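Trainee: Just a sequence and a predicted model for now, questions to come.
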Amino acid sequence: MKSISMPLMAIVTLAAGTAAVPAAEAVASLTQDPIVMRLGRDEFRIAFGIDAQHCAVNGGNGVIRYRVDWKADDGTTRSETKLVSYTVSPSASRTIAVDRQYFHSAEGRHRTDVVKVRVNSISCAGGGSRRPALAP
């Protein structure tokens with residue numbers, strides 16, 4: 001009976017183990033909750049900090065799908081789903097995306113407030129999408 005050497009057995013075991021493990025999925029996540037900045041009575045900027053170190057080694061891009069709930073001082077409420085794209089530089093592991101929100105309500109006669117911003121998904125080049133690491 002032939003015996004297999006220990007180094008050969010280790011290589012065969014290691015190769016079998018890596019074949020069973022799926023390839024790492026490229027993912028991006030939020031570094032913190034989205035930041036809402038008021039510019040006027042009904043105009044805002046929403047900034048997203050993105051940790052993309054596993055997204056693309058040589059740079060890449062992706063899309064954030066998010067939902068904004070807002071309310072005007074006259075009681076009017078709205079909810080919108082938006083997309084904002086981002087780009088990651090080749091030498092960076094983090095980036096930001098900023099989206100403009102303008103909640104038109106009676107030609108600016110009413111003050112509006114962002115009630116909530118929820119990120120539904122973040123996609124990145126080279127891999128699908130995932131739920132955000134933070135729950136805004």
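Mentor: Looks like it came in fine. Numbering: from 1, shown residues only.

Trainee: give me every residue that touches Arg111.
Mentor: Counting by Cβ atoms under 8 Å, 6 or more residues apart in numbering, Arg111 makes contact with 41-42, 72-73. Bear in mind the C-beta positions are built from the backbone N, C-alpha and C, glycine included.

Trainee: repeat that for 7 Å
Mentor: Neighbour list for Arg111: 41-42, 73 [criterion: Cβ atoms under 7 Å, 6 or more residues apart in numbering].

Trainee: Looking at those residues, spot the one nearest Arg94.
Mentor: Nearest to Arg94, judged by Cβ to Cβ, of these is Asp42 at 30.6 Å.

Trainee: what's the distance between that closest one and Thr77?
Mentor: Using Cβ to Cβ, to the nearest Å, Asp42 is found at 13 Å from Thr77.

Trainee: Tell me which of these two has more neighbours.
Mentor: Asp42 (21 against 10; other Cβ atoms under 10 Å).

Trainee: Sheet-wise, list the partners of the helix or strand hosting Ser123 with their directions.
Mentor: Using DSSP states H and E, Ser123 sits within strand 112-124. Each strand that pairs with strand 112-124, with its direction, by DSSP bridges: strand 60-72 (antiparallel), strand 127-130 (antiparallel).

Trainee: burial measure for Asp99, as a count.
Mentor: With other Cβ under 10 Å as criterion, Asp99 counts 19.

Trainee: rewinding a little: show me which of the contacts of Arg111 is closest to Gly60.
Mentor: Asp42 (34.2 Å).

Trainee: Is it correct that the closest one is in contact with Val114?
Mentor: No - between Asp42 and Val114 there is no contact under Cβ atoms under 7 Å: 10.3 Å.

Trainee: Just give me the closest of the contacts of Arg111 to Val27.
Mentor: For the contacts of Arg111, the nearest to Val27 is Asp42 (34.7 Å; Cβ to Cβ).

Trainee: on that earlier part again, output the contacts of Arg111 in JSON lines, with pLDDT, distance to Gln101 and secondary structure appended to each entry.
Mentor: Below are those laid out as JSON lines (pLDDT from 0 to 100; distance: Cβ to Cβ, whole Å; DSSP: H, G, I helix; E, B strand; the rest coil):
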{"residue": "Arg41", "pLDDT": "84", "distance to Gln101": "13", "secondary structure": "coil"}
{"residue": "Asp42", "pLDDT": "84", "distance to Gln101": "9", "secondary structure": "coil"}
{"residue": "Asp73", "pLDDT": "86", "distance to Gln101": "17", "secondary structure": "coil"}
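
Trainee: Thanks again, I'm all set now.
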